[in-house]
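Novice: Please find the sequence and the predicted model below.
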Amino acid sequence: MDSQCPGIVAPDASSYTVKWIPRPSARLLPSTVATYEPHNGSYVLPPICEGVNGHVDLELTGRFILF
């Protein structure tokens, strides 16, 4: 009920269970060698030579959901 409509409450739909689903996030793992730059919030990796593979270790958490 509100100021515009008298409304009704269906007894079988009068309560709900809400579950928390964490938002997706990513962070660098401590094993990744990078320098944090606080002025822009980025991480800078050390330089590598041409032909040498570089990588970062990420921890991904949360869950993506389409509605």
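Specialist: Alright, I've got the coordinates.

Novice: And the residue nearest the centre of this protein?
Specialist: With distances taken as CA atoms, centre = their mean, the chain has Pro24 as the residue nearest its mean C-alpha position (2.4 Å).

Novice: Skipping adjacent residues, who's closest to that residue in space?
Specialist: With CB to CB, 6 or more residues apart in numbering as the criterion, Pro24 has its nearest non-adjacent residue at 3.8 Å, and that residue is Gly62. Every C-beta, even on glycine, is put in place using the N, C-alpha and C of the backbone.

Novice: Show me the shaky parts of the chain.
Specialist: Along the chain, segments meeting pLDDT under 70 span 1, 66-67.

Novice: Please name the nearest non-neighbouring residue to Val44.
Specialist: Distance criterion CB to CB, 6+ apart; nearest residue to Val44, sequence neighbours excluded, is Thr35 at 4.9 Å.

Novice: Let me fix that, I meant to ask about Pro22.
Specialist: Nearest residue to Pro22, sequence neighbours excluded (CB to CB, 6+ apart): Gly62, at 4.2 Å.

Novice: mind listing what Pro64 touches?
Specialist: Not quite, residue 64 is Phe, not Pro. Pro24 (CB atoms under 8 Å, 6 or more residues apart in numbering).

Novice: now it: how far from Leu29?
Specialist: Counting by CB to CB, to the nearest Å, the gap from Phe64 to Leu29 is 21 Å.
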